[in-house]
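> predicted model and sequence follow; I will ask about them next.
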Amino acid sequence: MQKIDFAALSQLAQASSAVSMPCGCNTVSMAAWQALPMTLELDRFEDVGTLMEDPYDEPTFVEFHPNGTRYESADAPISPRYFPYNRCTVARCMSCGRHYLRYNEAGGYFTELRIRALQPALLVDAAAV
């Protein structure tokens with residue numbers, strides 16, 4: 001899968017924010033991370049690329065929240081070098097063209113696909129720690 005750099009991610013976010021047509025992919029707010037809503041079907045999305053730097057290296061679990069946000073905050077920054085963005089793929093809705101970040105949350109005895117809307121105002125190109 002193609003690696004998406006910050007400039008390309010920014011362009012995808014801008015394109016996504018310009019979509020104004022109604023679509024089933026945005027009937028539920030996905031401003032913050034959440035489990036894949038039951039109303040969404042995976043076959044309505046196509047993978048565009050990945051934010052993972054190296055598929056053979058374990059990315060950090062450190063999160064980026066300089067303004068006191070949290071993982072579940074709708075205004076949390078989207079910083080590709082930090083968790084969970086460093087494990088994400090970028091997917092596009094094939095119906096309307098909106099872009100979303102997705103990753104598989106794996107914990108204990110379960111896995112859960114998580115999704116968040118790609119929002120240009122929240123993108124931050126912060127260096128990794």
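Here it is on my side, so go on.
> only C-alpha atoms for contact and neighbour calcs from this point on.
Fine.
> who's in contact with the residue lying closest to residue 122 once chain neighbours are set aside?
Closest residue in space to residue 122, ignoring its immediate chain neighbours: residue 77 at 4.8 Å, by C-alpha to C-alpha, 6 or more residues apart in numbering. Counting by C-alpha atoms under 8 Å, 6 or more residues apart in numbering, residue 77 touches 64, 65, 122, 123, 124.
> out of those, which end up buried?
64, 65, 123 (16 or more other C-alpha atoms under 10 Å).
> in a markdown table: the residues you listed, plus secondary structure.
Output for these, formatted as a markdown table (DSSP: H, G, I helix; E, B strand; the rest coil):
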| residue | secondary structure |
| --- | --- |
| 64 | coil |
| 65 | coil |
| 123 | strand |
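> for this protein, what spans make up the strands?
In the chain, the strands defined using DSSP state E lie at 34-35, 45-50, 89-93, 99-107, 110-117.
> report the buried residues of the second one.
Translated: strand 45-50. 45, 47, 48, 49, 50.
> and the angle for it with strand 99-107?
80 degrees (axes from the mean of the first three to the mean of the last three C-alpha atoms, to 10 degrees).
> could you pull up the residues touching the spatially most central residue of the chain?
Among the residues of the chain, the one closest to the centroid is residue 101, at 1.9 Å (C-alpha atoms, centre = their mean). Each residue near residue 101 by C-alpha under 8 Å, 6+ apart is listed here: 85, 88, 89, 90, 91, 115, 116, 117, 118.
> top of those by neighbour count?
Neighbour counts for those (other C-alpha atoms under 10 Å) peak at residue 118, which has 28 neighbours.
> any idea how far residue 37 is from the residue lying farthest from the centre of the chain?
For the chain, the largest distance from the centre (C-alpha atoms, centre = their mean) belongs to residue 109, which lies 23.3 Å off. Separation of residue 109 from residue 37 (C-alpha to C-alpha, to the nearest Å): 20 Å.
> switch the contacts of residue 101 over to CSV; also include distance to residue 31 and pLDDT.
Formatted as CSV, those follow (distance: C-alpha to C-alpha, whole Å; pLDDT from 0 to 100):
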residue, distance to residue 31, pLDDT
85, 14, 97
88, 16, 96
89, 16, 97
90, 15, 98
91, 15, 97
115, 9, 96
116, 6, 97
117, 6, 97
118, 8, 98
